[in-house]
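**Student:** compute the structure for the input listed below.
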Amino acid sequence: MCSIVYDQEVLASPPKHLDVAFFEEVLETMLRTSHVQLVGIHCALGSSTGENYCSLIYRVKLTYRRKDGKEEQTGVIVKSIPRIDSIEFIEDLQVYLKEKITYYEMLPRLELLMKCKRRFGPKLYQCLKQPENTLVFEDLGRLDYVMGSRETGLDETHARLVMERLAEFHAASMVLAVMDPEIFKAYGDGMLSPHGLNKDDGLLMRFFAGNGEQLHKLVSSWPGYERIAGKIGKYMEQQRVNLVRAQAPVDDEIKVLNHGDLWVNNMLFKYNGAQQLQDVIFIDFQLSIWGSPGIDLNYFFYTSLSLDVLKHKRPQLLKVYHNRLADTLLNLDMGVPVPSYEQVMAEVHRREGYGFFANYGILPTVSQDKAETADNNLENFSDADFAQKKTEQMFNSKRLAETLRYTLPHFERAGVLD
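**Tutor:** Numbers count the residues shown, from 1 in each chain. Okay, here's the model as predicted:
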């Protein structure tokens, strides 16, 4: 008789929808056989509190017995998205459906185009829509993949590898769009979709508005930044319009499948025995969007790089990206026009507004000290008092202030604040 053992952190609110029968089916799918017996399930939290906002992550260890009586173990990551009224945008943006089709259909096809020499994401083993949207993935931790440091940001070596893998992902999606022109129609909504931002009292709009207000307050206190503070104030008067415009499609732009939420916690790195970087795999494709590569590039730059790399290595990183994009398109040999470096730069410049959004809307959360993030979740952010206090706390970050002192003049020069 199999039973589930919960870690203490899970025991207070165990996920009842993840029962023995569910994991029996998961195991059969993983092993591609029904000739095994599940004998043990151990369920623990798969991430630290405050590291995931829309979902609950569980790391589950499965012990099973083969027909010959031999016992073995394997493991999975379970992502469960609670049905909470305060995070209605999850339904508005169809994040569960989008992520499901991305893992079931999109990533396997992109990886086949790369002749299986690249893995863009983990395998998806199981889905469940009721009572909670749930996805079950392979546990990349068992393959020695680990997360980078969101508090310090990535160094140049890590950033270069991300650029290479992102370029391959983007290039493969461009080829797939030629082979199957209808395939990306489901990817019209991203993080700044009008559907997600259409209500003043919606959680996303209130969250970004709170960050914008706090940004204006902070910058207004800095000597020498009076002109920029004034421009930020005017920008925030039309914040929703500016946010939607930052992502809205533009005629004749280069189009790729963007990851859509490309920050440190949504990528896993692998090292060899000498701690040399070997690989990176992306996770969390729930906000993917078909559009300009400038969306992913700017979002990554302004949420995930150390300040030194952002200041001094941005052109070099874009060159790495372009070189790999061009090489991949040529190697795939499907007649997709290869964008020039100047075209890629134009896409990045045109989407600087998305970088500004990422810098004040996302980086404050990313750069928080882990000791301050234990109670960070979207349900708590639906409480106005909590959101106000937490936003003030976020904007006290030393890293954030140092970054904004550099990036805001850049955004002003780029015309984002006009």
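**Student:** find the nearest non-adjacent residue to the most centrally placed residue in the chain, please.
**Tutor:** With distances taken as Cα atoms, centre = their mean, the residue of the chain nearest its centroid is Asp261 (3.1 Å). In this structure, Asp261 finds its nearest non-sequential neighbour in Leu287, 4.5 Å apart by Cβ to Cβ, 6 or more residues apart in numbering. No exception for glycine: its C-beta is placed from N, CA and C like everyone else's.
**Student:** poorly predicted segments of the stretch 1-150 of the chain, please.
**Tutor:** Counting by pLDDT under 70, the stretch 1-150 of the chain shows low-confidence ranges at 48-54, 83-93.
**Student:** so where do the helices sit in the stretch 151-300 of the chain?
**Tutor:** 156-179, 203-220, 226-237, 239-247, 293-304 (DSSP state H, counting those that start in this stretch).
**Student:** contacting residues around the residue nearest to the centre of the chain?
**Tutor:** Contacts for Asp261 (Cβ atoms under 8 Å, 6 or more residues apart in numbering) come out as 191, 284, 286-287, 299.
**Student:** tell me the one of those nearest Val76?
**Tutor:** Asp284 (15.8 Å; Cβ to Cβ).
**Student:** and that closest one, how many residues sit next to it?
**Tutor:** 22 (other Cβ atoms under 10 Å).
**Student:** my guess is it contacts Met267. True?
**Tutor:** No. Using Cβ atoms under 8 Å, Asp284 is not in contact with Met267; the gap is 9.1 Å.
**Student:** right, and the helices of the stretch 151-300 of the chain - which one's nearest Gln278?
**Tutor:** helix 156-179 (8.7 Å).
**Student:** give me the distance from the closest one to the chain's centre.
**Tutor:** Put simply, helix 156-179 sits 15 Å off its chain's centre (Cα atoms, centre = their mean, to the nearest Å).
**Student:** cool, stretch 200-216 as well?
**Tutor:** 20 Å.
**Student:** let's have the chain start at 395 instead
**Tutor:** Sure, I'll start numbering at 395, so the last one becomes stretch 594-610.
**Student:** pull out the buried positions in that stretch.
**Tutor:** Residues 596-610 are the ones in stretch 594-610 that count as buried (16 or more other Cβ atoms under 10 Å).
**Student:** thinking again about what came up before, quick check: which of the helices of the stretch 545-694 of the chain is nearest to Pro731?
**Tutor:** helix 550-573 (9.0 Å).
**Student:** so for the closest one, what gets flagged as buried?
**Tutor:** Those would be 550, 552-571, for helix 550-573 by 16+ other Cβ under 10 Å.
**Student:** mind exporting it as PDB, just the C-alpha atoms?
**Tutor:** In PDB, the C-alpha atoms belonging to helix 550-573 read as follows (Å, rounded to 0.1, in the frame of the first residue of the first chain):
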ATOM      1  CA  GLU A 550      29.700  37.700 -18.200                       C
ATOM      2  CA  THR A 551      30.400  34.000 -18.600                       C
ATOM      3  CA  HIS A 552      26.900  33.100 -17.600                       C
ATOM      4  CA  ALA A 553      25.300  35.900 -19.600                       C
ATOM      5  CA  ARG A 554      27.200  34.800 -22.800                       C
ATOM      6  CA  LEU A 555      25.900  31.300 -22.500                       C
ATOM      7  CA  VAL A 556      22.300  32.600 -22.000                       C
ATOM      8  CA  MET A 557      22.800  34.800 -25.100                       C
ATOM      9  CA  GLU A 558      23.900  31.700 -27.100                       C
ATOM     10  CA  ARG A 559      21.000  29.500 -26.000                       C
ATOM     11  CA  LEU A 560      18.400  32.300 -26.400                       C
ATOM     12  CA  ALA A 561      19.600  33.000 -29.900                       C
ATOM     13  CA  GLU A 562      19.200  29.300 -30.800                       C
ATOM     14  CA  PHE A 563      15.800  29.200 -29.300                       C
ATOM     15  CA  HIS A 564      14.700  32.400 -31.200                       C
ATOM     16  CA  ALA A 565      16.200  31.100 -34.500                       C
ATOM     17  CA  ALA A 566      14.600  27.700 -34.300                       C
ATOM     18  CA  SER A 567      11.200  29.500 -33.600                       C
ATOM     19  CA  MET A 568      11.700  31.600 -36.700                       C
ATOM     20  CA  VAL A 569      12.200  28.500 -38.800                       C
ATOM     21  CA  LEU A 570       9.200  26.700 -37.200                       C
ATOM     22  CA  ALA A 571       7.100  29.700 -38.100                       C
ATOM     23  CA  VAL A 572       8.000  29.200 -41.800                       C
ATOM     24  CA  MET A 573       7.200  25.500 -41.600                       C
END
